[in-house]
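[1] What shape does this take:
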Amino acid sequence: MQEIDDRPRRRRAATVERLLDAALETFADIGFAAASVEDICRRGGFTRGAFYSSFRTKDELFEALFLRETARNFARAEELLIGIEDEVDPVAAAVERCLGSFRADRTWVLVHTEYALHATRHPQAAAALRRHAEQLHRRLTELITAVSARAGIALTVPANRLARIVLALHDGVVIREVLGGPGGAADRAASDLERTALLLLLRSATAGPPSTD
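    Numbers count the residues shown, from 1 in each chain. Now for the predicted structure:
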């Protein structure tokens, strides 16, 4: 049987990754609305043909960027939560392990926030953003359900509701951090605020593991 040459597929995947990297940097520098396809191609060293062979529009590219960034965040979180059931205090350990991972970098926060503003004026973009937000919520719900079961922690609120509260809390704190500027006291204050708020939230939403006494 003739072996299939998958080099074209690998090259296309590499091109898409470089386009996404270029788009992320371009959107962060000059904004989603102001950025043109030419700007993105120039940043990544591509022709317009390379762009349109992978994406039809900037919005379609943003959808791919959203999926990539959230997938990376969840992969990091899932890895960090391995063995959480062996911790003396799984709730506190989960917060400490995931705080850095879920405090998204400034570049992605800027891009995502600006796209949300763009979506308020463009119904198709708003529908796509809602669809992806629901996927994000579903994945966090599944993660909370799996980790709490593994650690023997009983939830006092439904996992899907807890997921929505965690996402809202996280988004609010990260936006506050972005507005405060990079580094220094503002970053530390935002980090401490999110740590304290998450601990208070999760303590009130969990009953803890069953007593062995």
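
[2] Quickly list the domain ranges of the protein.
    1-55, 58-205 (automatic domain parsing).

[3] CSV for the ones you listed, including mean neighbour count and mean pLDDT?
    In short, each C-beta sits where N, CA and C put it, glycine included. Below are these laid out as CSV (neighbours: other C-beta atoms under 10 Å; pLDDT from 0 to 100):
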stretch, mean neighbour count, mean pLDDT
domain 1-55, 15, 88
domain 58-205, 16, 86
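
[4] any idea how far residue 16 is from residue 9?
    11 Å (C-beta to C-beta, to the nearest Å).

[5] Over to residue 130?
    24 Å.

[6] Kindly report the same for residue 35.
    Counting by C-beta to C-beta - residue 35 and residue 16 are separated by 17 Å.

[7] Next: residue 96.
    35 Å.

[8] Same question for residue 117.
    26 Å.

[9] okay, which residue is most central for this structure?
    Most central in the chain under C-alpha atoms, centre = their mean is residue 70, positioned 3.5 Å from the mean C-alpha point.

[10] Show me what the helix or strand residue 134 falls within is packed up against.
    Using DSSP states H and E, residue 134 falls within helix 123-151. Contacts defined by 3 or more C-beta pairs under 8 Å, 6 or more residues apart in numbering; DSSP states H and E place helix 123-151 against helix 58-80, helix 90-102, helix 106-119, helix 159-180.

[11] Touching, residue 25 and residue 43? I think so.
    Yes. With contacts counted by C-beta atoms under 8 Å, residue 25 reaches residue 43, the gap being 6.0 Å.

[12] what separates residue 11 from residue 17, distance-wise?
    Where residue 17 is concerned, residue 11 sits at a distance of 11 Å (C-beta to C-beta).

[13] ugh, wrong one, residue 193
    Taking C-beta to C-beta, one finds residue 193 at 34 Å from residue 17.

[14] Any figure for the gap between the residue nearest to residue 98 when sequence neighbours are not counted and residue 86?
    Residue nearest to residue 98 in three dimensions, not counting chain neighbours: residue 77, with 5.2 Å by C-beta to C-beta, 6 or more residues apart in numbering. Taking C-beta to C-beta as the measure, residue 77 falls 17 Å from residue 86.

[15] and what of residue 143?
    18 Å.

[16] ok, residue 81 - contacts?
    94, 97-98, 143, 147 (C-beta atoms under 8 Å, 6 or more residues apart in numbering).

[17] now residue 156
    204-207.

[18] Identify, from these, the entry nearest to residue 154.
    Distance to residue 154, by C-beta to C-beta, is smallest for residue 207 among the contacts of residue 156, at 4.0 Å.

[19] Using the three-state scheme, assign residue 56.
    coil (DSSP: H, G, I helix; E, B strand; the rest coil).

[20] can you count the residues close to it?
    9 (other C-beta atoms under 10 Å).
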